[in-house]
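**Q** My questions concern the predicted model and sequence given below.
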Amino acid sequence: MSVIKSKRSTSEMEFLANARKLEVYTLQKCVGFPKRYTFYVSQPLANSATYIYANVKRGNSIYPLNQHEVQMRRDYFLRAYAELQNMVSQIEVAQELFGIEMDTMKYWMEIIDTEMRLLKAVLKNDRARYKELP
């Protein structure tokens, strides 16, 4: 059954798919950078994308039964969000060094921006959802 486009909403799990999309796209782009910059630019960027996806998966794997578990879940999502902020800076440096095309930059930043928005929504939803736990 299909839903009319105007009545569609964002899936609650879209943040996982988007984090994976960011990791895959980042790895594809890092492979194209000059080899002499592997340890200075490519590897840190790839590690950031992997770290983001891993923390999003970790946070999502926690089904809180108490406030401690709620805080653990929140911490993983906040780590992923902070790493997204760091990744933006790393991509800007890569753009200055390699002259990444604007279309590529725009698409890359759209993925990051979407992930930030989705994570903020998850954090907000969790705050309301788990406030009654012991």
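**A** Sure, I can see it. Numbering: from 1, shown residues only.
**Q** for the chain, which helix is longest?
**A** helix 67-98 (DSSP state H).
**Q** pLDDT averaged over it, what's the number?
**A** Helix 67-98 carries an average pLDDT of 95.
**Q** Now the element after that helix, going C-ward?
**A** helix 102-129 (DSSP states H and E).
**Q** Low-confidence regions, the chain specifically.
**A** 1-11, 134 (pLDDT under 70).
**Q** switch to 90 and redo it
**A** Applying pLDDT under 90 to the chain flags residues 1-13, 129-134.
**Q** report the angle between the axes of the longest helix of the chain and helix 102-129?
**A** 170 degrees (axes from the mean of the first three to the mean of the last three Cα atoms, to 10 degrees).
**Q** Show me which residues of stretch 23-42 are buried.
**A** Buried positions in stretch 23-42, judged by neighbour count with 16 or more other Cβ atoms under 10 Å: E23, Y25, T26, K29, C30, F33, V41, S42. Any C-beta I mention is one placed from the backbone N, CA and C, and that applies to glycine too.
**Q** Assign a three-state SS to the last one, would you?
**A** For S42, the secondary structure call by DSSP: H, G, I helix; E, B strand; the rest coil comes out as helix.
**Q** Not including adjacent chain positions, what is the nearest residue to it?
**A** C30 (4.1 Å; Cβ to Cβ, 6 or more residues apart in numbering).
**Q** isn't that neighbour right next to A46, touching?
**A** Yes: using Cβ atoms under 8 Å, C30 is in contact with A46, at 4.9 Å.
**Q** got the phi/psi numbers for K131?
**A** The phi/psi pair for K131 (degrees, to the nearest 10) reads phi -70, psi -20.
**Q** What separation do you get for it and I52?
**A** With the distance defined as Cβ to Cβ, to the nearest Å, K131 ends up 26 Å from I52.
**Q** higher neighbour count, the two?
**A** Each of K131 and I52 has its neighbours counted (other Cβ atoms under 10 Å); I52 has more, 27 against 9.
**Q** what sits against that one?
**A** Residues near I52 by Cβ atoms under 8 Å, 6 or more residues apart in numbering: A19, L22, E23, A80, E83, L84, M87, E115.
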